[in-house]
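Asks: Okay, predicted coordinates and the sequence, questions at the end:
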Amino acid sequence: MFNPVLNNDVLIAAITGVESVAAITRLARGGSISAMDATAACGQFRSGLQCEYQVVEITPSFINSAMALAEAIGLRGYNAVQLAVGREINALCIASSLFPVTFVSADDELNVAAASEGQLIENPNDYL
């Protein structure tokens, strides 16, 4: 899905940078990956932010939608924001007669919520 040859557009919520760096460094602190690998992965991700991804800024509309999702579904804060962004981008694509977006997340709770909102889901853990 992320292979550049496929020429897919990859949109990420602006908060994804924080979540990704936090997850990578948490793996290093827990001993699952080396500190050197964590530094390299964080650097690679930051580089991708500059040229490979379309970053979706978090607007007050997304925040309001995320608060409603958190209240209705009980999602954690950043997960609610991720779902709000995915849901809105998906609705825009469908309204514009484009393909629906695929929501990519390794968080099972978030994936269940996204699927309940009608999103196509892809869990990268399914490929490990």
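Replies: Now that the structure is in, tell me what you want to look at.
Asks: Need the pLDDT of Met1.
Replies: Per-residue confidence (pLDDT) for Met1: 67.
Asks: And the one 4 residues further on, by the same measure?
Replies: The per-residue pLDDT reported for Val5 equals 78.
Asks: what sits against it?
Replies: If you count contacts by CB atoms under 8 Å, 6 or more residues apart in numbering, Val5 has none. All C-beta spots, glycine's among them, are computed from the backbone N, C-alpha and C.
Asks: next one: phi and psi at it?
Replies: With angles defined as degrees, to the nearest 10, Val5 sits at phi -60, psi -30.
Asks: got it, and Val56?
Replies: phi -90, psi 120.
Asks: Does it touch Asn90 like I think?
Replies: No: assessed by CB atoms under 8 Å, Val56 is found out of contact with Asn90, at 11.9 Å.
Asks: neighbour count winner among the two?
Replies: Neighbour count, other CB atoms under 10 Å: between Val56 and Asn90, Asn90 has more, with 21 against 17.
Asks: Per-residue pLDDT of the more buried one, please?
Replies: pLDDT recorded at Asn90 is 95.
Asks: May I have the residues that are in contact with it?
Replies: Pro100, Val101, Phe103, Gly118, Gln119.
Asks: Which strand or helix spans the closest residue in space to the second one that isn't next to it in sequence?
Replies: Excluding its sequence neighbours, the residue lying closest to Val101 (CB to CB, 6 or more residues apart in numbering) is Asn90, at 4.7 Å. Asn90 belongs to helix 77-95 when assigned by DSSP states H and E.
Asks: Can you name the residues in contact with the helix or strand that that helix is followed by?
Replies: Using DSSP H and E, the helix or strand that follows helix 77-95 in sequence is strand 102-104. The contact list for strand 102-104 (CB under 8 Å, 6+ apart) reads Met1, Leu83, Gly86, Asn90, Asn111, Ala114, Gln119, Leu120, Ile121, Glu122, Asn123, Pro124.
Asks: Just send those residues back as JSON lines, with distance to Arg46 and secondary structure too.
Replies: Shown next, in JSON lines, are the contacts of strand 102-104 (distance: CB to CB, whole Å; DSSP: H, G, I helix; E, B strand; the rest coil):
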{"residue": "Met1", "distance to Arg46": "21", "secondary structure": "coil"}
{"residue": "Leu83", "distance to Arg46": "24", "secondary structure": "helix"}
{"residue": "Gly86", "distance to Arg46": "22", "secondary structure": "helix"}
{"residue": "Asn90", "distance to Arg46": "26", "secondary structure": "helix"}
{"residue": "Asn111", "distance to Arg46": "26", "secondary structure": "helix"}
{"residue": "Ala114", "distance to Arg46": "26", "secondary structure": "helix"}
{"residue": "Gln119", "distance to Arg46": "27", "secondary structure": "coil"}
{"residue": "Leu120", "distance to Arg46": "28", "secondary structure": "strand"}
{"residue": "Ile121", "distance to Arg46": "26", "secondary structure": "strand"}
{"residue": "Glu122", "distance to Arg46": "23", "secondary structure": "strand"}
{"residue": "Asn123", "distance to Arg46": "24", "secondary structure": "coil"}
{"residue": "Pro124", "distance to Arg46": "19", "secondary structure": "helix"}
